[in-house]
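**Q** Test case, fold it:
(3 chains)
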Amino acid sequence: MRALFDTKSNPALAWVGLAVIGLALLALPFALAAVGTAWVRITNLAILFVFLALGLNIVVGFAGLLDLGYIAFYAVGAYVYALLASPHFGLHLPFWVILPIGAAVACLFGALLGAPTLKLRGDYLAIVTLGFGEIIRIFLNNLSQPVNITNGPQGVTLIDPFRIGSLNFRDTETFLGLAFSGPIKYYYFLLAVLLVIIVINLRLQDSRIGRAWEAIREDEVAARAMGINTRNMKLLAFAMGASFGGIAGGMFSAMQGFISPESFILLESIMVLAMVVLGGMGNVWGVIVGALLLSFAPEVLRYTVEPVQQALFGRMLVEPEVIRMLLFGFALVLMMLFRPAGLLPSATRKRELETPGAAANGR
Amino acid sequence: MSAPAALPQVDAGTLLAGRGINKRFGGVQALSEVNFAIRRGEIYGLIGPNGAGKTSLFNVLTGIYTPDSGTFVFAGAPLDGLKPNEVAHRGIARTFQNIRLFANLTALENVMIGRHVRTRAGVFGAMLRNPATVAEERAIEQRAFELLEYVGVGRRANDLARFLPYGDQRRLEIARALATDPKLLALDEPAAGMNATETGSLKGLLERIRSDGTTILLIEHDMKLVMSVCDRVLVLDYGKKIAEGTAGAVQEDPAVISAYLGGDVALNLKGAA
Amino acid sequence: MDIFIQQMINGVTLGSVYAIVALGYTMVYGIIQLINFAHGEVVMIGAMVAYSVIVALVGAGTPLPPLLIVLAGALVAIPVCMAVGFTLERVAYRPLRRAPRLAPLITAIGLSIILQHLAMIVWSRNPLPYPQIVKTVSYHVTGNPNGATITNVQIAILVVSVAMMAGLMALVYKTRLGIAMRATAQNQAVAGLMGIDINKVIALTFVIAGALGSVAGVMVGSYYGIAHYQMGFLLGLKAFSAAVLGGIGNLAGAMLGGLLLGIIEALGAGYVGDLTNLCHFADWSDALARRCAVDPNVVLFGSNYQDVFAFIVLILVLVFRPSGLLGERVSDRA
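**A** Residues are numbered from 1 along each chain as shown, chains lettered A, B, ... in the order given. So this is what the prediction gives:
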C-alpha cells in the first residue's frame, strides 16, 4: 500500500493517486451534504478527533508516555477561545489571534502537567495524568464562584464563529453555484490545518527530536548516557501534544458555539487514547484511521441499531449509545488480546514483533 | 608503583582524575577513597575481582549516582553534580556491562542517536526542514555510516540491533558511544562473552581508537586483553584501590595477586593476545 | 469541636470503606503489578446485586429482621463478585501477563467500560435507592445533645471493616496460602520453581479482592442509600489513591492510606470552605468588603471540590514519596 504512494519509485502513479484523493476530499462535503447536513458536522468533529489523536500520538506513540488526561488540553484550548470570543467577558478577538494563544496556553499546561510525572513508571504516569485531567474538569466546572471565570456547569454560550473580514463562517454563502454552508467552510479550514499537522507529525517523527523520543521509549538510561536530555524531551512531547489539543479545542468552540465541562470528561481522554492505540501507536496513518473509525462508528451504529432492533424485537431494547460503549469496551479488550500493535502498526512495533528469520528474508 | 592512599600525579597531561571517591549503598561501601589519574591518549584499564566496585565507579563517574564525597576533574573542570546527559556533553561516553542498545531500532539509527548530543536541530528545524537542518541530518547519517564501518559492522547498518550477533552488538555500542565525539570512551567489559578471535579484533579496534586520539577507560576481566592493550591499570578490591601503574608492574604486585588468588602465587601472564 | 469530631467520625467511616477497596487494588498490584481498573466496577456490582436481593426480599414481604436481609444481600453479592474477579483475571489479564504494561491497562479500561454498561442494561441508568430498612439510630458521642453523633450503620461499617482487615491479615500472614501469595508477589518465577501454582494463587488473589470489593459495595450502598452504575469509577480511583498513599502492595499501607484519605476528605470538605473564605480578608480590599457585607461566604474552594482532594493527595504522594507512607511491596520487574 505504501508503495502505491511512493513518489520516488513510480512518480506517475503516485501523483495521480494523490490527485484523485485530493479531489475526493475536496468534493466530499458536498456529497455528504446531499445525504444530510448533519454528516458534514459529524465529519468535522471526526477531523477534530484526528487532531487530538495525532497530538496524543506524539506523547504516547513517539515518546512512549502514557497520558490518560489528554482531553484537558482540548478543554483548555476550547475555554481560551470561548472566553476571548464571546459575550462572557465581552471580548471578541479574531480567531487567528486566539488559536495561537490557545495553543500556547495548552502548551504551557502540557509542560506543567508533565513536569511532576517525569520520574514515574508507566502505570503511575497514567493515573497521575488521569488525575490531572479530572482536576482540570472539576475546576472548569466550579470556577463560577467566587469570581465567574468559566460559568461552571452551564458553560459558555454564543461563542463567535470564525470571521475573515466580512466572511462569517456561520452563514451559508453561494459561490460558483454551490452552497457553502457553515460546516462546509469549517471543513475546508480543518482539512487545510489537518494537512499541515500531518506534515508536522511526519517530519517530527523522522528528525533528531523524533529519534530522541524513540531512544527514550526504547531505553531511557541509555538515552541519557548518550547525552539526550530526557527531562526536556519528555516535557517537549507533552507540550507539543498539548498544543495540538489546544488548537483543536479552539476550533471546537467556534464550530459548536457552545461548550461546557461535560464535553471534556475522562471518557473522551480514553476515547482518544483508544484511537491511538487501536489505530497503531506511533504510526501517523494508523492513528488517523483509528480516529476516523472511532468517530464515525457511533454515527453508523445509530443509523443501523435502531432499525435492526425495531425489526427484531419491535422496540428498542438497548440504546445505540449503550451498544456503542459495549462494543468499544470489547474492542479495547479484544484488540489488546489479539492485535496489540493496532490496525496499522508503526514501523518499530512491527519490528518488535518480527522474528529473526523474517528479518533475514528482508521483510 | 603507587601506594594505595597516595593522590595521583595530576598535570596538564591528565584527562580525568578522581580524588577521594566514596560511595555507599545501604550497608555496602562500594567505593572507598578511590584516587586515580588517566592521562590523555592512553588506554587505562580498571580491573578487580567481582564486586570490587568497577561498574560503581563508572556509574558514579557518568552521573548515574552521586558520590558521597570526592570529586572527578575532567579536562580541567570538575564533574560534580552533573547528570548523565551533561556528562556525555562534556565528553565522556560509556557502554554498559549488559549492553543497552535501542533494541528495536536499526544499527544505523542507534548510532545516529549517538550524534544527538553534538547536533542542534530542534522542533522548528524538524518542522520546517530548513537547509541547515537538512544538511545536519545528512551529516548525521553519513557520520553514522562511517562509524559503523569503523567498528566493523557496516554491512549491518539496516539490521535491527537486537538481531545482531553478540560480538557485533558490542561493537555497535562502541560505535554509538563514539558518535558522541567523546574525549574519554568508557567501556564496561566490551570483551565479555567474546572468543579469542573476536577479542583479537576488539584489541585492534581499541588501539585504532587510541591512535585516533580518544582516551579509553576499560573495565575488563580478560587479563590477556588488559595486559596487552592497557598502558596503565587501576586495581580495585572491595571498593578500595590496591594498585595503580603500568600493566606489567601491576601484575607483579603482591597485593594484586593476593586479591585475585588469595595467596602468594606468582602469576605468569605475559600478555600475548 | 463537635464539628471536628463529627467530621472525624464520618472520615473514619468513609476511610474504612476506602481501605477495604484499597486492599483489593493493592493485593492485585502487589502480585502482578497491574492496576486493576475494573475493580471499582466489581464493587459496584456488589452493591447492585445486593440491592436486587434486598429489594426482592423486601418486596416479597419476607419476615426477616432488616439486618438479616442486608446480610442476605451481601451473601449473594460475594460469590457473584468473586466470580467476576475470577473471570476478569482468566479472560483478560492472564493472557497478557508478559505483555508490555500498556496492554493490560487498556484491557482493564475496556473491561471497566463493559461492566459499567452491562450494569446499566441490567439495572437501569438511574440511581437506585437502597431500601432504608435498617432504622438509623444515632448515638451521641459528646455530652452536647446537638453535637457529634455516630449512627449504627457507621458502627456496623467500622466493625465489618475491621473484621475483614483482620481476617485478611490472618490469611496472608498465618496461612500457607498467604505464604504462597507473598512469595508469588516477591518473585513469581522462583515461587513457581518452588512448587507454588502461580495461576491458582493469582486467581485466588482476584477472587479474594472480589469478595472484599463486594462487601465494600454493600456498605457504600447502605451508607449512602443509593447505588448507581457509575459509582465504581470515582470510588475506585480514590481507593487506588489510598493504596498508593500507604504504599502499593503493602496491606497495612492500604488500610492506613484508606483511613487517612477518608479523614482528609471529610475534614477537607468540612473545613476547606471555611479556610478559603475570602471574607476573612475582607479588610484588604473595598470591593471584597462590599461583597462580604452582602454575602458572608465568598469561598474560593468549597466542598464541591471534595473529589479533587483524592487526586491531589495521589499526585503529591507520587511526586514526593512514590513508595508511599509505609513503603511499597512489589517484586523487581524490570
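**Q** Now do the buried residues in stretch A:340-354.
**A** For stretch A:340-354, the neighbour count (16 or more other C-beta atoms under 10 Å in any protein chain shown) marks A:340-346, A:348-352 as buried. For glycine as for every other residue, the C-beta is placed from the backbone atoms N, C-alpha and C.
**Q** and the gap between residue A:195 and chain B?
**A** Taking C-beta to the nearest C-beta, to the nearest Å as the measure, residue A:195 falls 13 Å from chain B.
**Q** Residue C:327 too?
**A** 14 Å.
**Q** pretty sure that residue is in a strand, no?
**A** No: Residue C:327 is assigned coil when assessed by DSSP: H, G, I helix; E, B strand; the rest coil, not a strand.
**Q** At the geometric centre of the chain, which residue do we find?
**A** The chain I'm using is chain A. Chain A has residue A:52 as the residue nearest its centroid, 1.6 Å off, counting by C-alpha atoms, centre = their mean.
**Q** not what I meant, chain B
**A** Among the residues of chain B, the one closest to the centroid is residue B:186, at 1.2 Å (C-alpha atoms, centre = their mean).
**Q** Pull up the per-residue confidence for residue B:112.
**A** On pLDDT, residue B:112 comes in at 96.
**Q** From what I see, it and residue B:146 are in contact.
**A** No: assessed by C-beta atoms under 8 Å, residue B:112 is found out of contact with residue B:146, at 11.7 Å.
**Q** Now do the contacts for residue C:259.
**A** Contact analysis of residue C:259 by C-beta atoms under 8 Å, 6 or more residues apart in numbering or on different chains lists C:12, C:15-16, C:18-19.
**Q** returning to that earlier point: what's the closest non-adjacent residue to the residue nearest to the centre of chain A?
**A** Among residues not flanking residue A:52 along the chain, residue A:272 sits closest, at 4.8 Å (C-beta to C-beta, 6 or more residues apart in numbering or on different chains).
**Q** List the residues that contact the one you found.
**A** Residues near residue A:272 by C-beta under 8 Å, 6+ apart: A:49, A:52-53, A:56, A:70-71, A:291.
**Q** I'd assumed it was in a helix, is it?
**A** Yes: applying three-state DSSP, one finds residue A:272 inside a helix.
**Q** Kindly indicate whether the one residue in the stretch 201-350 of chain A that gets nearest to chain B is helix, strand or coil.
**A** Proximity of the stretch 201-350 of chain A to chain B (C-beta to the nearest C-beta) peaks at residue A:227, 2.8 Å away. Per three-state DSSP, the secondary structure class of residue A:227 is coil.
**Q** and it, how many neighbours does it have?
**A** Residue A:227 has 27 neighbouring residues, counting by other C-beta atoms under 10 Å in any protein chain shown.
**Q** Can you give me the distance of the closest residue to it other than its chain neighbours to residue B:104?
**A** Among residues not flanking residue A:227 along the chain, residue B:117 sits closest, at 2.8 Å (C-beta to C-beta, 6+ apart). Look at residue B:117 and residue B:104: by C-beta to C-beta, to the nearest Å, they are 22 Å apart.
**Q** Give me the neighbour count for residue B:201.
**A** Look at residue B:201: counted by other C-beta under 10 Å, it has 14 neighbours.
**Q** re earlier: what's the distance between the residue nearest to residue A:227 and chain C?
**A** Distance, residue B:117 to chain C, by C-beta to the nearest C-beta: 26 Å.
**Q** related to what we said a few turns ago, please identify which pair of the contacts of residue A:272 lies farthest apart.
**A** Spatial extent of the contacts of residue A:272 (C-beta to C-beta) is set by the pair A:71 and A:291 at 13.7 Å.
**Q** Give the intersection of the neighbour lists for these two.
**A** Counting by C-beta under 8 Å, 6+ apart, the residues touching both residue A:71 and residue A:291 are A:52, A:272.
**Q** can you tell me the helix or strand for the residue of the stretch 1-150 of chain A found nearest chain C?
**A** In the stretch 1-150 of chain A, the residue that lies nearest chain C is residue A:131 (3.8 Å; C-beta to the nearest C-beta). Using DSSP states H and E, the element containing residue A:131 is helix A:122-142.
**Q** Phi, psi for residue 108 please.
**A** Since you didn't name a chain, this refers to chain A. With angles defined as degrees, to the nearest 10, residue A:108 sits at phi -60, psi -50.
**Q** hmm, back to that, nearest to chain B, of the contacts of residue A:272?
**A** The closest of these to chain B turns out to be residue A:56 (C-beta to the nearest C-beta; 17.3 Å).
**Q** Surely residue B:181 touches residue B:90?
**A** No: at 11.2 Å, residue B:181 does not count as touching residue B:90 under the criterion of C-beta under 8 Å.
**Q** show me what contacts the residue of the stretch 201-350 of chain A closest to chain B?
**A** So residue A:227 contacts B:85, B:88-89, B:93, B:116-118, B:180 (C-beta under 8 Å, 6+ apart).
**Q** In contact with residue 234, which residues?
**A** Answering for chain A, as no chain was given. Residue A:234 neighbours (C-beta under 8 Å, 6+ apart): A:63, A:65, A:114, A:118, A:216.
**Q** actually it's chain C I care about, not the one you picked
**A** Listed by C-beta under 8 Å, 6+ apart, the contact set of residue C:234 reads C:40, C:307.
**Q** again, only this time at 7 Å
**A** Residues in contact with residue C:234 (C-beta atoms under 7 Å, 6 or more residues apart in numbering or on different chains) are residue C:307.
**Q** now do residue A:153
**A** By C-beta under 7 Å, 6+ apart, the contact list for residue A:153 reads A:141, A:260-261.
**Q** surely residue A:91 meets residue A:81?
**A** No: the criterion here is C-beta atoms under 7 Å, and residue A:91 misses it with residue A:81 at 10.6 Å.
**Q** number of nearby residues for residue C:297?
**A** By the criterion of other C-beta under 10 Å, residue C:297 has 13 neighbours.
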